[in-house]
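J.: quick one: sequence and predicted model below, then my questions.
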Amino acid sequence: MSDPAFKSDFLRVLRDRGYIHQVTHPAELDEAASSGIVTAYIGFDATAPSLHVGSLIQIMMLRRLQQSGHKPIVLMGGGTTKIGDPTDKDQSRPLLTEAQIQANIASIKTVFAKFLRFGDGPTDAIMVDNDSWLSTYGYVEFLREFGVHFTINRMLAFDSVKTRLEREQPMTFLEFNYMLMQSVDFLELERRFGCVLQMGGSDQWGNIVNGVELIRRVEQKPAFGLTTPLLSTASGQKMGKTVGGAVWLNADMRSPYDYWQFWRNTEDADVGRFMRLFTDLPLDDIARLEALEGAQINEAKKVLANAATTLLHGEDAARAAEAAAVAAFEQGQVSGDLPSFEVPRGVLEAGVVLAALAADAGLAASRGEARRLAQGGGLRVNDTVETDGNRTLNASDLVDGVIKLSAGKKKIVLVRPV
RNA sequence: GGGGGAAUGUCCCGAGUGGCAAAGGGGGCGGACUGUAAAUCCGCUGGCGUCAGCCUUCGUAGGUUCGAGUCCUACUUCCCCCA
């Protein structure tokens, strides 16, 4: 797989930027990608109204595909979402209604539009929902048409299945069938759009390979699979979890400022890797930036944060986020771009308990937590540490019309009377 | 169908002789040190509180008891073995 002689721009870019974990038929795929337009797809879940950073590597890979002259298909798992994700052990998860799923898909599409060009052209991206075919099959029909191509013997040999059985963990029949459904997705996309490549995370390898083989067997046509490495930070943390929970991509679920902060707080050892994966910066620039040492690497982190935020939220939002961050962290100043929380003026003048205000403003989950935070020295009012959570704040605490509340170094809220 | 085992702090794993707001981890949050990094060390980690206390928690529902996560009964879900 570390074949250095890729001819196609597509595979060369993917390899150089670190997207490739495994590929099914590298030479053949390379040939196809260098001689014509390759149509490829990645499947996404529709269980939430937004994707989060964990999916970003996949989204970026579709972007690279389009950038190098090929056609991306975004497959929304509307049909499979109806069943619920079986790899999640929590079986009590409520099933989503048709309307919720459609709303989620619409919301998610707004994010894709930032990274991909959609349209009717030969290399324009399209989005399809697997519900449009999965829901049309009857059970018998499904078995007869597709079931005959899968042997239990082979399915049992796949790692995803094998390890489950070896660990004596239960695997339901439903789960077992996911492999088939995903393979059928690939086949349908091949028939409808001439899609020949499925990409995904390394955990999808088994499912992808099955689809590849199904197409090769049924259609007697070439098909390929490619997976990305599992992403974690250099210190072993799962990618995408930070102060404030999941890093959602939709702006209404995660502000551009927070998104910028997420990238700004990248570990030193990850800066280069992330720039290659999550920005369009040229490799030369990245090599220079990631070579910075000591505190200088912070400059590289800002470049990373700006580039990543610009892709998702636009240049203006990225610049505003940077300005707010510089003001808050480097100059200790208050900036209007920091998150704010509004309090009725009358309430403030009557006096508000600090712990209650901090909890309401979202700095702590409860008053008790806010109190503990204060006791531990983590709560500040206008940059002064306040250890008494029961202290009452009123209008006299306003500085320039706001009260600046901070929990730790990175969570800041401006309380505004209205 | 028969037999055995399990369900614990609503993030996860996990101990728990009838006195338990419940050991210990992980994770998370905060502090120190730094560079808004990593590593390390320290603290916190059910809710409300006028800090005395009150309230709510151990699958569900009952029961025994002054007192139940702990004992009894039924039920639910899951796992294993036999058929």
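T.: Structure received. No experiment lies behind these values; they were computed from the predicted model shown.

J.: residue nearest the centroid of chain A?
T.: With distances taken as C-alpha atoms, centre = their mean, chain A has residue A:53 as the residue nearest its mean C-alpha position (2.5 Å).

J.: who are the contact partners of residue A:221?
T.: Applying C-beta atoms under 8 Å, 6 or more residues apart in numbering to residue A:221 gives the contacts A:190, A:196, A:215. Where you see a C-beta, it was placed from the backbone N, CA and C, and this is true even at glycine.

J.: what segments of the stretch 201-350 of chain A are strands?
T.: Per DSSP state E, counting those that start in this stretch, the stretch 201-350 of chain A carries strands over the ranges A:224-228, A:241-242, A:245-246, A:340-343.

J.: check which helices and strands the last one sits against.
T.: Looking back up the chat, that one is strand A:340-343. For strand A:340-343, the elements it packs on are strand A:411-417, judged by 3 or more C-beta pairs under 8 Å, 6 or more residues apart in numbering; DSSP states H and E.

J.: next, the buried residues of the strand it packs on.
T.: By neighbour count on 16 or more other C-beta atoms under 10 Å, the buried set for strand A:411-417 is A:411, A:412, A:413, A:414, A:415, A:417.

J.: the residues you listed also near RNA strand B: which ones?
T.: Counting by C-beta under 7 Å from any atom of the strand, residue A:411 from the buried residues of strand A:411-417 sit close to RNA strand B.

J.: JSON lines for the buried residues of strand A:411-417, including pLDDT?
T.: Below are the buried residues of strand A:411-417 laid out as JSON lines (pLDDT from 0 to 100):
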{"residue": "A:411", "pLDDT": "81"}
{"residue": "A:412", "pLDDT": "83"}
{"residue": "A:413", "pLDDT": "85"}
{"residue": "A:414", "pLDDT": "86"}
{"residue": "A:415", "pLDDT": "88"}
{"residue": "A:417", "pLDDT": "88"}
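
J.: closest one of the buried residues of strand A:411-417 to RNA strand B?
T.: The nearest member of these to RNA strand B, counting by C-beta to the nearest atom of the strand, is residue A:411 at 5.4 Å.

J.: just list whatever residues bridge to the closest one.
T.: Beta-bridge partners for residue A:411, by DSSP bridges, are residue A:407.

J.: just to revisit the earlier point, so the residue nearest to the centre of chain A makes contact with residue A:262?
T.: Yes. Counting by C-beta atoms under 8 Å, residue A:262 is a contact partner of residue A:53 at 7.1 Å.

J.: for RNA strand B, state which of the contacts of residue A:221 is nearest.
T.: Once C-beta to the nearest atom of the strand is applied, the member of the contacts of residue A:221 that ends up nearest RNA strand B is residue A:215, at 33.3 Å.

J.: residues from the stretch 251-400 of chain A in reach of RNA strand B?
T.: A:261, A:264-268, A:294-295, A:297-298, A:301, A:325-326, A:329-330, A:353, A:355-356, A:359, A:365-369, A:371-373, A:376-378, A:389-390.

J.: closest to residue A:37 out of the buried residues of strand A:411-417?
T.: When the buried residues of strand A:411-417 are compared for distance to residue A:37 (C-beta to C-beta), residue A:411 wins out at 47.1 Å.

J.: which stretches of the stretch 1-150 of chain A have low pLDDT?
T.: Counting by pLDDT under 70, the stretch 1-150 of chain A has low-confidence residues at A:1-4, A:82-96.

J.: which stretches in it count as strands?
T.: Using DSSP E, counting those that start in this stretch, the strands of the stretch 1-150 of chain A run over A:22-23, A:39-44, A:71-76, A:126-129.

J.: what's the last one packed up against?
T.: It stands for strand A:126-129. Against strand A:126-129 (3+ C-beta pairs under 8 Å, 6+ apart) you get strand A:71-76, helix A:98-115, helix A:173-193.

J.: helices along the stretch 151-300 of chain A, start to end?
T.: Assigned by DSSP state H, counting those that start in this stretch, the stretch 151-300 of chain A shows helices spanning A:152-157, A:159-166, A:173-193, A:205-218, A:256-264, A:271-278, A:283-290, A:297-313.

J.: worst average pLDDT in those helices?
T.: If you rank the helices of the stretch 151-300 of chain A by mean pLDDT, helix A:159-166 sits at the bottom with a mean of 66.

J.: who touches residue A:321 in this structure?
T.: Contacts of residue A:321 by C-beta under 8 Å, 6+ apart are A:256, A:257, A:259, A:260, A:261, A:305, A:309, A:337.

J.: and what of residue A:176?
T.: Counting by C-beta under 8 Å, 6+ apart, residue A:176 has contacts A:155, A:161.

J.: related to what we said a few turns ago, residue A:183: which of the strands of the stretch 1-150 of chain A is closest?
T.: Per C-beta to C-beta, nearest to residue A:183 of the strands of the stretch 1-150 of chain A: strand A:39-44, 11.5 Å.

J.: circling back to that earlier point, so which of the helices and strands packed on strand A:126-129 is the most packed in?
T.: strand A:71-76 (a mean of 24; mean count of other C-beta atoms under 10 Å).

J.: returning to what we had before: can you list residues touching both of residue A:53 and residue A:262?
T.: residue A:247.

J.: from residue A:248, how far out is residue A:64?
T.: Look at residue A:64 and residue A:248: by C-beta to C-beta, to the nearest Å, they are 23 Å apart.

J.: give me the nearest residue to the residue in the stretch 251-400 of chain A positioned nearest to RNA strand B, chain neighbours excluded.
T.: In the stretch 251-400 of chain A, the residue that lies nearest RNA strand B is residue A:378 (2.4 Å; C-beta to the nearest atom of the strand). Closest residue in space to residue A:378, ignoring its immediate chain neighbours: residue A:408 at 5.4 Å, by C-beta to C-beta, 6 or more residues apart in numbering.

J.: ok, that neighbour to RNA strand B distance?
T.: Counting by C-beta to the nearest atom of the strand, to the nearest Å, the separation of residue A:408 from RNA strand B is 3 Å.

J.: and that residue, what pLDDT?
T.: Residue A:408 is given a pLDDT of 86.

J.: that one contacts residue A:376, correct?
T.: No. The criterion here is C-beta under 8 Å, and residue A:408 misses it with residue A:376 at 9.9 Å.

J.: can you pick out the residue with more neighbours from these two?
T.: Per other C-beta atoms under 10 Å, whichever of residue A:408 and residue A:376 has more neighbours is residue A:408, with 13 against 10.

J.: now do stretch A:9-26: distance to the chain's middle.
T.: Taking C-alpha atoms, centre = their mean, to the nearest Å, one finds stretch A:9-26 lying 20 Å from the centre of the chain it belongs to.
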